[in-house]
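In: Here is my input, please return the structure:
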Amino acid sequence: MIAGVLLAAGSGSRFDPGGARYKLLQALPGGELVVAASARALLAAVPRVVAVVRPQDADTAHLLRELGCEVVACADAASGMAASLVCGVQHAQDADGWLIALADMPYVRPATMAALAQAVAPRDAERLDAIAAPVFGGRRGNPVAFGRAHLQALLALDGDQGARSILKNNPVNELMVDDPGILQDIDTPSDIK
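Out: Predicted coordinates:
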């Protein structure tokens, strides 16, 4: 079983430096909240989703629980993305692999996520060390899937680079997808369209 890990513990300071509007709880044009759209896509692709939130973010935690995610509060979330990633993978370390998705990327299609999960699903010994990343228009995007052999490397991450070091030092299976959502994150209010 490949587990989804939804990283929803960022501060969103680029969206609203004053902190009055948290980007994950902003409505998309269709009315759905950014974090809900991201979670629904991941839930449609994998059987289990662990959502990582900030300890003080009760609203996001409640919403994600209602959608069917297992919610984990990351005490060290402010130290960088790696802390959240480690927290989520640690919670689901019994999985066969992990699909790491970002909560501020609501436009990724569930089919893209499912294809990435399938690419690292253990059907034979080779798949255990698989990494799969989506590519659209010649650019690599998110989410990224990791096979079970990368557990210790994922748990050893620190800083704000996420899993870039693992991607840099290992072969990556690039899946060509017709999904511009892999490149679209919500960083500023103008990104909501």
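In: Would you indicate which residues of the lowest-mean-pLDDT helix or strand in the chain are buried?
Out: Sorting the helices and strands of the chain by mean pLDDT, DSSP states H and E puts helix 164-168 at the bottom, at a mean of 88. For helix 164-168, the neighbour count (16 or more other Cβ atoms under 10 Å) marks 166-167 as buried. All C-beta atoms are positioned from the backbone trio N, CA, C, and that covers glycine.
In: same for the helix or strand following it, what does it pack against?
Out: Heading C-terminal from helix 164-168, the first helix or strand you meet, by DSSP states H and E, is strand 173-176. Applying 3 or more Cβ pairs under 8 Å, 6 or more residues apart in numbering; DSSP states H and E, one finds that strand 173-176 makes contact with helix 110-120, strand 131-136.
In: got the angle for the first one vs strand 131-136?
Out: Same thing as helix 110-120. Interaxial angle of helix 110-120 relative to strand 131-136 (axes from the mean of the first three to the mean of the last three Cα atoms, to 10 degrees): 150 degrees.
In: which strands and helices sit next to helix 110-120?
Out: Secondary-structure packing of helix 110-120 (3+ Cβ pairs under 8 Å, 6+ apart): strand 2-8, helix 34-45, strand 97-102, strand 131-136, strand 144-147, strand 173-176.
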